[in-house]
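> Build the 3D model from these lines:
(one chain, ligands or ions: 1)
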Amino acid sequence: MKPGKVLIAAALAVVSHATLADTKVIHAGTLLAVPGEGTLQNQTIIVSDGKIAYVRDGFVDPANVSDDAELVDLSDMFVMPGLMDMHVHLQGELGPTNYRDALKMSDSDKLVQSIEFAMRTLMAGFTTVRDAGNTGEEMYAVRDGIEQGKIDGPRIIAAGGVGITGGHADVSGLKPEWMELATDASICDGPYDCRRATRHAIKYGADFIKITSTGGVMTDNNTGTGQQMTDDELREVVSAAAAMGRKVASHAHGTEGINAALRAGVASIEHGTYTDESSIKLFLESGAYLVPTLLAGKTVADLALTAEYMSDAIKEKAVRVGNDMKGNFERAHKAGVKVAFGTDSGVSAHGDNAREAVLMSEAGMSNQAILAAATINAADLIDMSDSIGTIEAGKFADIIATEVSPLENIEELLDVDFVMKGGKVYKNK
Ligand SMILES: [Zn+2]
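From the prediction side, this is the model:
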């Protein structure tokens, strides 16, 4: 979807408590109820109180369902479960005014901006996102506000970040006094301190822990993209998180850092740029997901050629990592590594999330596998397979539709025409 079409105003509108029709009857021309399986023609989805009550063959007359059942006519559309992005940063968007914004915007300003970005994401067809963090409390508030129906947006699974001093999760590129001010309590060194930081993140509301086992592209110092967190720090974070029922996702570019995080037991590797044969073996053994974020790689590699606001240290990493990501991803998914869809949006513009699908397709993934990565695989990664990811009785009515089947043309996902989340229609072109 193009940003101009986004109904941003709606993002800030407080949800009115006008009662929704309890029952909606969706006529689906083509239905992909379970990505990875086949499609069915002329199906009816009955939605009651935000959940899928049942799916029936043929087009059922709403009058035969209930007196006030409302028809949603998608009889000439391709209908599938809402998309899910396992790596977004709703609190910001990469651009030339980032440093200025950091000085000028209050936390309240950022919170409002996050709500706008969340709404753009929902309107692009992404009904659930995993926010990979930066300052936790704001995102927890957005998550909770959406969950409670106070504001609109996608379902949010929110990270608490744990990182090491000077590492990718730490503040960089500012004068010392400001870095001191901006250093988060979740920055830690050594296993015991990282155990504290993990518990700290969970105490304040983290749904999962996001770590950075290697350096990163956008860190403004010359610390590379190799392993930064030590094996004992990684193991401690994973076990402290597991003890409190939380999974760990690790940002990782360099091979040693990918492998160390996988050995420590993380649930997913984010980016996974230098995934090699040894990493693939560890992925397959552990069952961890790869969240490829090819869109972030492409975005930073393109920007490095033109953006004056990027330092030389960032540009060097951006060109190298951006160009290496796709080939390694292709090798990994062909070897059977489990993939969950993720974009790192915030590096790219919010609302452009589906561009990732086009890049995954260019890297040789089938359209069917891409749709599964963005629905059932993502739901599995966040332990929500019981409630989202497919169109089946008992699950939330998170449903999107396109004119043409994305199984035939993956670029259709760039222009989602219909978005329903929890039974509420947000977009119906
Ligand atoms: Zn990220």
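> Can you name the residue of the stretch 51-200 of the chain nearest the ion?
A132 (4.6 Å; Cβ to the ion). All C-beta atoms are positioned from the backbone trio N, CA, C, and that covers glycine.
> quick one: contacts for that residue?
A132 sits next to 87-89, 159, 161, 210, 249, 251, 270, 344 when contact means Cβ atoms under 8 Å, 6 or more residues apart in numbering.
> Hmm, T44 and F59 touching each other?
Yes - at 5.7 Å, F59 counts as touching T44 under the criterion of Cβ atoms under 8 Å.
> Quickly list what's touching both of those two.
Between them, F59 and T44 share the contacting residues H27, judged by Cβ under 8 Å, 6+ apart.
> Between those two, which is the more surrounded one?
Applying other Cβ atoms under 10 Å to F59 and T44 shows that T44 carries more neighbours, namely 21 against 17.
> element containing the more buried one?
Assigned by DSSP states H and E, T44 belongs to strand 40-48.
> list the buried ones in that strand?
For strand 40-48, the neighbour count (16 or more other Cβ atoms under 10 Å) marks 43-48 as buried.
> In TSV: these, plus distance to the ion.
Shown next, in TSV, are the buried residues of strand 40-48 (distance: Cβ to the ion, whole Å):
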residue	distance to the ion
Q43	37
T44	40
I45	34
I46	38
V47	34
S48	37
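> Reformat those into a markdown table and put pLDDT and distance to D415 next to each item.
Shown next, in a markdown table, are the buried residues of strand 40-48 (pLDDT from 0 to 100; distance: Cβ to Cβ, whole Å):
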| residue | pLDDT | distance to D415 |
| --- | --- | --- |
| Q43 | 98 | 22 |
| T44 | 98 | 25 |
| I45 | 98 | 22 |
| I46 | 97 | 27 |
| V47 | 97 | 23 |
| S48 | 96 | 29 |
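> Return the residues in contact with the closest residue to M244 other than its chain neighbours.
Leaving out its chain neighbours, the residue that sits closest to M244 by Cβ to Cβ, 6 or more residues apart in numbering is I202, at 5.0 Å. Neighbour list for I202: 160, 209, 241, 244, 246 [criterion: Cβ under 8 Å, 6+ apart].
> Looking at the residues you listed, state which has the most neighbours.
I209 leads the contacts of I202 on contacts (other Cβ under 10 Å) with 30 neighbours.
> beta partners for that residue?
Beta bridges link I209 to G160, V248, judged by DSSP bridges.
> I'd like the distance between it and K110.
For I209, the distance to K110 (Cβ to Cβ, to the nearest Å) stands at 22 Å.
> just the helices in this structure please.
8-12, 98-104, 107-123, 136-147, 176-182, 191-203, 231-243, 255-264, 277-286, 294-306, 312-334, 355-362, 367-373, 376-381 (DSSP state H).
> Serialize the ones you listed to TSV and add fields for mean pLDDT and distance to the ion.
Putting the helices of the chain into TSV (pLDDT from 0 to 100; distance: least, Cβ to the ion, whole Å) gives the following:
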stretch	mean pLDDT	distance to the ion
helix 8-12	36	22
helix 98-104	85	15
helix 107-123	95	14
helix 136-147	92	13
helix 176-182	86	18
helix 191-203	96	16
helix 231-243	98	17
helix 255-264	97	15
helix 277-286	97	19
helix 294-306	90	7
helix 312-334	85	12
helix 355-362	97	13
helix 367-373	98	17
helix 376-381	98	15
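> Redo those helices as TSV? Include distance to E70.
Compiled in TSV, the helices of the chain are given as follows (distance: least, Cβ to Cβ, whole Å):
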stretch	distance to E70
helix 8-12	20
helix 98-104	42
helix 107-123	21
helix 136-147	23
helix 176-182	49
helix 191-203	41
helix 231-243	43
helix 255-264	48
helix 277-286	45
helix 294-306	36
helix 312-334	41
helix 355-362	31
helix 367-373	27
helix 376-381	27
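> K429 contacts A401, doesn't it?
No - counting by Cβ under 8 Å, K429 does not reach A401; the two are 9.3 Å apart.
> intersection of neighbour lists for the two?
Common neighbours of K429 and A401 (Cβ under 8 Å, 6+ apart) are 417-418.
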